[in-house]
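J.: This is the structure alone, sequence omitted:
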């Protein structure tokens, strides 16, 4: 899940509350990889646009 500061978290309850204080580097890496893959895929344009926006907002943490 994406936090308001554009970092990513691993664990959320069914009540949509985060259980971890901050996401791990692994979580960040997997998310960025998935966004990059999605942007370069043949998926519908609206999906690729969202992935690009998430990637662009989070790349400052790289």
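T.: Received it, and whenever you're ready, just let me know what you need. Everything numeric here is computed off the predicted structure, so don't read it as measured data. Numbering: from 1, shown residues only.

J.: For the residue nearest the centre of the chain, report the pLDDT, please.
T.: Centroid-nearest residue in the chain, with Cα atoms, centre = their mean: residue 31, separated by 4.4 Å. On the pLDDT scale, residue 31 is placed at 92.

J.: so it sits right up against residue 9, yeah?
T.: No. The pair residue 31 / residue 9 is not scored as a contact, 10.0 Å apart, by Cβ atoms under 8 Å. Bear in mind the C-beta positions are built from the backbone N, C-alpha and C, glycine included.

J.: hang on, the earlier thing: in contact with the residue nearest to the centre of the chain, which residues?
T.: By Cβ atoms under 8 Å, 6 or more residues apart in numbering, the contact set of residue 31 is 2, 8, 54, 58.

J.: so when I look at it, I'm seeing a helix, right?
T.: Yes. Judged by DSSP: H, G, I helix; E, B strand; the rest coil, residue 31 forms part of a helix.
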